[in-house]
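Q: fold the following.
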Amino acid sequence: MGAKTKVAGWIALGAVAGALTTMQLPATGQNPSADLPLEELQQLAAVFGMVKTDYVEPVDERKLITDAIGGMVAGLDPHSQFFDKKTFKEFREGTSGRFVGVGIEIGMEDGLVKVVSPIEGSPAFRAGIKSGDLITKIDDSFVKGMTLDAAVKKMRGEPSTKVMLTIFRKVESRSFPVTITREEIRMQSVRSKIVEPGYAWLRVSQFQDRTVTDFASKVTELYKQEPNLKGMVLDLRNDPGGLLEASVAISAAFLPDDVTVVSTNGQIAESKAVFKASPEFYARRGNDPLRRLPEGIKSVPLVVLVNEGSASASEIVAGALQDHKRATIMGSQTFGKGSVQTVRQLSPDTALKITTARYYTPNGRSIQATGIVPDIWLDETAEGNVFAALRTREADLEKHISSGQGEEVKDPAREKAREAALKRLEEANNAADKDKAPKPLPEFGSAEDFPLQQALNRLKGKTVMVSRTAIERKVEETKVN
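A: Numbering: from 1, shown residues only. The predicted structure is shown next:
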């Protein structure tokens, strides 16, 4: 890794699940190609002139230009983005894991804002906002037709100010307003506990600025409570990603020194990199938070729980531990966000985030649009999957880039499962007996957490209730004609 390469990430309200891992490189002054499409550039200038002179009312020239840049970048893929002054400020603040808002991760569905997940402990979480809720109005503004960035801006604001969200909850077939007081969101990305004598549960909900330090602290606490741990469950379910360096560090905590954690590859020289389980790839200013970890962490039997919401940095960890056979990966196939975004500063207040590379596991597997396939498939509950087929994945996003190792094709079985799940939910909602409606999944880490119980069974050598219906989302091999 070159000395000039810097790693950073984004954890902020409004990020689509899996869109969070970012490699940040310094801006470079590259000469534009001499072979420019002059005719198209002339058309762009002509349209700009016509809008400026002929539009029904005066327009802001600067806004026209920034909108043109934003549209050009948005047409590339779901993760490339132009940052104006406000969004760039939010981007930089987000790496600390702190921002002022309501505390939800959101995406888009049918032109509405969809709650991917409320951030644990946030105002939205306390107000009862749930995964899958659709936001139809923000204060007096209808969301239909609004961009994701515009929705984020309307939900953000100053601390102690209020915002009213109108929620449509599909599973209950009702709409209702919720007034939430904005506050600074301080996300605690690592939680842990001894779930049974000799067995620990450690959850990483996002990879942010303090994740590695908090992880080291939690692991130390666990070993103080149980010096002779028999097994550990690393829970990465619904972890949308975050800082690349944090994912390298968490992987390094369990792996032998200096083995490969992840590699990247793209057109520019800086995108061709290999990240290893060594402090030089994750420690800041020479400070290695992992240096005093208990030795047992390197050999404790390990299960990693993942699901369709595990994306980006969490997929890097799962892929590294799987390829090095350090852990058993259990759950469902992950989100598939395996692309690298480079942030280039355009001015003191603006920047461009553009996809420049793909991530590869130590064995050379592309994560992009495919994700990590678990070693053992698990359902969400003992009765089967409730919401899994409804979750959006990278391959479902418009204009997603390919894996680079095969042509993605629609999976008929997955589409059939999605349709069947939607039909079951509709039937349950229309049923006279509302008790038959799907119930929210138990809290992760609780005694009712079915995948966690199966992970513990695996560590104890007991029978695991594996899924009988989940299947791999495969890609079709590229054919050369």
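
Q: which residues of the stretch 351-481 of the chain score low on pLDDT?
A: Using pLDDT under 70 as the threshold, the predicted model of the stretch 351-481 of the chain has low-confidence ranges 387-393, 395-396, 398-399, 402-415, 417-419, 421-440, 474-481.

Q: now the strands: where do they sit in it?
A: Taking DSSP state E, counting those that start in this stretch, the strands of the stretch 351-481 of the chain run over residues 351-360, 376-377.

Q: just the C-alphas of the longest one, formatted as PDB.
A: Looking back up the chat, that one is strand 351-360. In PDB, the C-alpha atoms belonging to strand 351-360 read as follows (Å, rounded to 0.1, in the frame of the first residue of the first chain):
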ATOM      1  CA  ALA A 351     -15.800  16.400  -3.800                       C
ATOM      2  CA  LEU A 352     -16.500  13.500  -6.100                       C
ATOM      3  CA  LYS A 353     -17.000  10.000  -4.800                       C
ATOM      4  CA  ILE A 354     -16.500   7.600  -7.700                       C
ATOM      5  CA  THR A 355     -16.200   3.900  -8.000                       C
ATOM      6  CA  THR A 356     -12.600   2.900  -8.900                       C
ATOM      7  CA  ALA A 357     -12.100  -0.700  -8.000                       C
ATOM      8  CA  ARG A 358     -13.600  -4.000  -6.800                       C
ATOM      9  CA  TYR A 359     -12.900  -5.900  -3.600                       C
ATOM     10  CA  TYR A 360     -11.500  -9.500  -3.700                       C
END
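
Q: any idea how far it is from the chain center?
A: Its chain's C-alpha centre lies 15 Å from the corresponding centre of strand 351-360 when counted by CA atoms, centre = their mean, to the nearest Å.

Q: elements contacting that strand?
A: For strand 351-360, the packing partners by 3 or more CB pairs under 8 Å, 6 or more residues apart in numbering; DSSP states H and E come out as helix 61-74, strand 81-83, helix 85-94, strand 260-266, strand 339-345. C-beta here means a position set from N, CA and C on the backbone, and glycine is covered the same way.

Q: hmm, 10 Å instead?
A: Using 3 or more CB pairs under 10 Å, 6 or more residues apart in numbering; DSSP states H and E as the contact test, the elements touching strand 351-360 are helix 61-74, strand 81-83, helix 85-94, strand 260-266, strand 273-276, helix 313-323, strand 339-345.

Q: can I see the domain layout of the protein?
A: Split into domains by automatic domain parsing, the chain comes to 106-186, 190-339+360-460.

Q: most neighbours per residue, which of the ones you listed?
A: Highest mean neighbour count among the domains of the chain (mean count of other CB atoms under 10 Å): domain 190-339+360-460, with a mean of 19.

Q: coming back round to it: go through the strands of the stretch 351-481 of the chain and pick out the most buried.
A: Note that of the strands of the stretch 351-481 of the chain, strand 351-360 is the most buried (mean count of other CB under 10 Å), with a mean of 22.

Q: that strand vs helix 61-74, what angle?
A: 10 degrees (axes from the mean of the first three to the mean of the last three CA atoms, to 10 degrees).

Q: can you tell me which residues contact residue 260?
A: For residue 260, the contacting residues are 251, 274-277, 320, 323-324, 360-364, taking CB atoms under 10 Å, 6 or more residues apart in numbering as the criterion.

Q: now the closest residue to it other than its chain neighbours: how far from residue 248?
A: Nearest residue to residue 260, sequence neighbours excluded (CB to CB, 6 or more residues apart in numbering): residue 362, at 4.4 Å. Residue 362 sits 12 Å away from residue 248 when distances are taken as CB to CB, to the nearest Å.

Q: which neighbours do these two share?
A: 255, 261-262, 276-277, 320.

Q: can I get the contacts of residue 260 in CSV with distance to residue 137?
A: Formatted as CSV, these follow (distance: CB to CB, whole Å):
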residue, distance to residue 137
251, 42
274, 48
275, 43
276, 49
277, 48
320, 43
323, 46
324, 48
360, 43
361, 43
362, 47
363, 48
364, 47
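
Q: just the pLDDT for the nearest residue to residue 306 once chain neighbours are set aside.
A: The spatially closest residue to residue 306, leaving aside those adjacent along the chain, is residue 331, at 4.3 Å (CB to CB, 6+ apart). At residue 331, the pLDDT value in this model is 97.

Q: got the phi/psi numbers for residue 331?
A: Here the main-chain torsion angles of residue 331 (degrees, to the nearest 10) amount to phi 130, psi -130.

Q: which ones are touching the residue lying closest to residue 236 once chain neighbours are set aside?
A: In space, and not counting its chain neighbours, residue 236 is closest to residue 314: 4.1 Å by CB to CB, 6+ apart. Counting by CB under 10 Å, 6+ apart, residue 314 makes contact with 18, 20-21, 204-207, 234-242, 247, 250, 304, 306-307, 334-335, 337, 372.

Q: what does residue 456 give?
A: Taking CB under 10 Å, 6+ apart as the definition of contact, the neighbours of residue 456 are 195-196, 199, 201, 231, 233, 303, 449, 462, 464.

Q: return the subset of those lying in strands.
A: Secondary structure defined by DSSP state E assigns 195-196, 199, 201, 231, 233, 303 of those to strands.

Q: show me the shaky parts of this protein.
A: 1-34, 93-97, 387-393, 395-396, 398-399, 402-415, 417-419, 421-440, 474-481.

Q: again, only using 50
A: Residues of the chain meeting the criterion pLDDT under 50: 1-30, 432, 476-481.

Q: which stretches in it count as helices?
A: Residue ranges of the helices in the chain, as given by DSSP state H, are 38-54, 61-74, 85-94, 123-126, 148-155, 211-225, 244-254, 313-323, 412-430, 450-460.

Q: gap between residue 165 and residue 372?
A: Distance from residue 165 to residue 372, by CB to CB: 33 Å.

Q: what's the answer for residue 350, then?
A: Distance check for residue 350 against residue 372: by CB to CB, it reads 35 Å.

Q: and if you look at residue 66?
A: Between residue 66 and residue 372 the distance, using CB to CB, works out to 37 Å.

Q: out of the ones in strands among the contacts of residue 456, which comes closest to residue 180?
A: When those are compared for distance to residue 180 (CB to CB), residue 201 comes out closest, at 29.8 Å.

Q: can you tell me how far residue 375 is from residue 448?
A: Per CB to CB, residue 375 is found 24 Å from residue 448.

Q: out of the strands of the stretch 351-481 of the chain, which gets nearest to residue 297?
A: Between the strands of the stretch 351-481 of the chain, strand 376-377 lies closest to residue 297; by CB to CB that is 22.3 Å.

Q: what lies in contact with that closest one?
A: For strand 376-377, the surrounding residues in contact (CB under 10 Å, 6+ apart) are 303, 328-333, 454-455, 458, 464, 466-472.
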